[in-house]
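Trainee: Below is the sequence, then the predicted model.
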Amino acid sequence: QVQLVESGGGLVQTGGSLRLSCALSERTYSSYVMGWFRQAPGKEREFVAHISGTGVSTSYADAVKGRFTISRDNAKNTVYLQMNSLKFEDTGGYYCAAGIRATPNPRFYLYWGQGTQVTVSS
């Protein structure tokens, strides 16, 4: 069974940084598009970023462009989300997902992690 385990969330002040990690227990990890999504209380889950299997192609939501960086290490079956210049509105649960298509649409992602909480204090 494919499992994704996120880590790295926490409490940070506005303007601070966090680095999220997501490890995938799957030998064919490099064949998946990997994405990060987030969900604030009372809101729908929203796309944050995705990265192609090779790591060459990335895409970001407008709200995080220029502040967040997605990367992957296929040797470690791990995807990262470096978050800089954090804002209060970045607060929420952050979820990584493995999918078959490079898209912001969560329906194309087959496997999901349990999430890690990011709280940005103003």
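Mentor: On my side now, so go ahead. Keep in mind it's a predicted model, so treat the numbers as computed, not measured.
Trainee: Which parts of this structure are strands?
Mentor: Under the criterion DSSP state E, the chain contains strands at 4-7, 10-13, 18-24, 33-39, 46-51, 58-60, 68-73, 78-83, 92-99, 109-112, 116-121.
Trainee: now could you export just the CA positions of stretch 103-114 as PDB?
Mentor: In PDB, the C-alpha atoms belonging to stretch 103-114 read as follows (Å, rounded to 0.1, in the frame of the first residue of the first chain):
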ATOM      1  CA  THR A 103      -2.500  19.600 -12.700                       C
ATOM      2  CA  PRO A 104      -3.800  21.800  -9.800                       C
ATOM      3  CA  ASN A 105      -7.000  19.600  -9.800                       C
ATOM      4  CA  PRO A 106      -6.900  17.300  -6.700                       C
ATOM      5  CA  ARG A 107      -9.000  14.700  -8.400                       C
ATOM      6  CA  PHE A 108      -6.000  13.500 -10.400                       C
ATOM      7  CA  TYR A 109      -4.000  12.700  -7.300                       C
ATOM      8  CA  LEU A 110      -4.300   9.100  -6.200                       C
ATOM      9  CA  TYR A 111      -2.500   9.000  -2.900                       C
ATOM     10  CA  TRP A 112      -2.600  11.500   0.000                       C
ATOM     11  CA  GLY A 113      -0.700  12.100   3.200                       C
ATOM     12  CA  GLN A 114      -2.300  12.700   6.500                       C
END
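Trainee: And the residue lying closest to Phe47 once chain neighbours are set aside, its phi and psi?
Mentor: Leaving aside its sequence neighbours, Phe47 sits nearest to Pro104 (C-beta to C-beta, 6 or more residues apart in numbering; 3.6 Å). C-betas here are computed from N, CA, C, even on glycine. Backbone torsions of Pro104, given as degrees, to the nearest 10, read phi -80, psi -10.
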